[in-house]
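K.L.:
This is a predicted model, with the sequence first.
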Amino acid sequence: MPVWFDMNEKKLLERITVNPKIFGGKPIIRGRRLAVEHVLAMLAAGDSPEGILQGYPWLEREDIQACLVYARRLVGHERIEPLPIETGS
């Protein structure tokens, strides 16, 4: 991975913070009351980044990118066993 990529990711991840008093210490965006998981859920539900930004005027595009980087880093260390596929005979 190029060095600029790591540095850019590091800068983006600085936007993700944890405050034990907000959402029980779940990762949030820049100390605000918006959890990373909520942004990811909106994206998974089909919401566009533009729509999310309209719904949260203080949010920045880089905040959404930070959520995606955070999620990628988490699953990059996770092992998931594939489900067996049953074939009809």
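P.N.:
Cool, got the structure.

K.L.:
what sits against the most centrally placed residue in the chain?
P.N.:
Note on the chain: the residue nearest the mean C-alpha position is C67, at 2.4 Å, using Cα atoms, centre = their mean. Applying Cβ atoms under 8 Å, 6 or more residues apart in numbering to C67 gives the contacts 16, 29, 36, 39-40, 43. Bear in mind the C-beta positions are built from the backbone N, C-alpha and C, glycine included.

K.L.:
can you do 6 Å?
P.N.:
Neighbouring residues of C67 by Cβ atoms under 6 Å, 6 or more residues apart in numbering: 36, 39-40.

K.L.:
List just the nearest of the residues you listed to E60.
P.N.:
V39 (11.7 Å; Cβ to Cβ).

K.L.:
what's the following helix or strand after the worst-scoring helix or strand of the chain on mean pLDDT?
P.N.:
Within the chain, no helix or strand scores below helix 3-13, which has a mean of 76 by mean pLDDT, DSSP states H and E. Remark: after helix 3-13, the chain's next helix or strand is strand 16-18, criterion DSSP states H and E.

K.L.:
hmm, who's touching that next one?
P.N.:
25, 27-28, 31, 66, 70.

K.L.:
What is the most widely separated pair among those residues?
P.N.:
With Cβ to Cβ as the measure, no two of the contacts of strand 16-18 lie farther apart than G25 and A66, at 17.7 Å.
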